[in-house]
Every structure is written in C-alpha cells, then in structure tokens.
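Enquirer: any chance you could fold what I've pasted below:
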Amino acid sequence: MVAPLTPTANPEVDSLTPDAYPLVMLVVHGEAFRLKAIAAPTYVFTGWEGDLTGNDTEVTLQVTHEKRVTAVFSLITYPLATTVEGGIGGSILVQTVPTADGYVIGTEVGVRADAGEGYRFSHWSGDASGSQNPLTIVLDSARQVTAHFVAVSASLWSWPSPRRSGRGWSRR
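Expert: Next up is the predicted model:
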C-alpha cells in the first residue's frame, strides 16, 4: 500500500518547488520519510504547515495516510537605526520605506542628513563614514548610522562707512 505525500513551499523557492520535487510523492505506507527545508540565499526557513508543524529544518515524517506538508520561508530582513549625535543640530531623512519587518536583504537605502538652523552637517559614524550626503547604505546586515552636526559660527559682514577708509567687505 502507498500513501501520497504532497510537499509544497511558501513562497515557492529553490529548495521545494515543482521543478525540484514532484508535486506528489508516493511513499510506502508506514515508512518514515525525511524532509529537509533548504532556504534560498535571501530567505530563511520559518516552519512547517499542514500535516507537520514545528521549525526544525530536518524532520522525519511517518506516512500512514495522505499528508500535505508546506515548508514556509520568509525573506531575510534587517533593521536600520539612525541617530543624531547629541540629539541636536539636525535630522536624518530615510528615503526608502521599510517593510513591517525591516529592509529586505540587499536593499539600497538612501539617507540624508538635514542640518537645522545654525548648524551644518559634518560627518557620519557607525556603519557609515565620511561626509557624503545623501548616502546610500546596502542592508546586508543590521545597520546603525549616526549623523554629526556642528554649529556654524556667526560672522558679521558690513560695507565700510564713508568715514572709514578701505575697500570692499570687511569682517567685524
């Protein structure tokens, strides 16, 4: 006697697709059958659904009747944390909107440091460096960037009065 086993993947990825495995496998009744979920490079295995539960990537299933099993995979996501040094001087605008879980691995995220009145952007620190603004960060892991702003010193410029000698603008 044989029992059908129907493996599927959600979403369909390389490890368990109709191209890689038959849609229905015929297994000898009562036979133990090993399943292994192998995630594609940008996915992570999150668990089994259907006639099999849990989140172990390798499982043994006793097939005594028709079974339907789904391997569930999710895209790998990472967070991007942004801070302004000291909390003053400006803000950071993140130009790419994340998913509910963060940014999908490999996403290019644009960030821009916007200086407040009386400040100028100085540099980045954390997982970014230099003074390029705006900046693109590739999310291949959790990232944290800090924007640094410096106060702009006030300079007064005036035109010389007719009573003074000199030409052009002068600093006071």
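Enquirer: contacts only, for the residue nearest to residue 47 when sequence neighbours are not counted.
Expert: Excluding its sequence neighbours, the residue lying closest to residue 47 (Cβ to Cβ, 6 or more residues apart in numbering) is residue 55, at 4.1 Å. Using the backbone N, CA and C atoms, a C-beta is placed for each residue, glycine as well. Taking Cβ atoms under 8 Å, 6 or more residues apart in numbering, we find residue 55 in contact with 45, 46, 47, 48.
Enquirer: distance check, the nearest residue to residue 134 once chain neighbours are set aside against residue 129.
Expert: Closest residue in space to residue 134, ignoring its immediate chain neighbours: residue 112 at 3.9 Å, by Cβ to Cβ, 6+ apart. Residue 112 sits 16 Å away from residue 129 when distances are taken as Cβ to Cβ, to the nearest Å.
Enquirer: more neighbours, those two?
Expert: Higher neighbour count among residue 112 and residue 129: residue 112, with 14 against 11, using other Cβ atoms under 10 Å.
Enquirer: residue nearest the centroid of the chain?
Expert: Central residue of the chain (Cα atoms, centre = their mean): residue 103, 2.6 Å from the mean position.
Enquirer: just the element for it, please.
Expert: For residue 103, the enclosing helix or strand under DSSP states H and E is strand 103-104.
Enquirer: output the contacting helices and strands for that strand.
Expert: strand 77-78 (3 or more Cβ pairs under 8 Å, 6 or more residues apart in numbering; DSSP states H and E).
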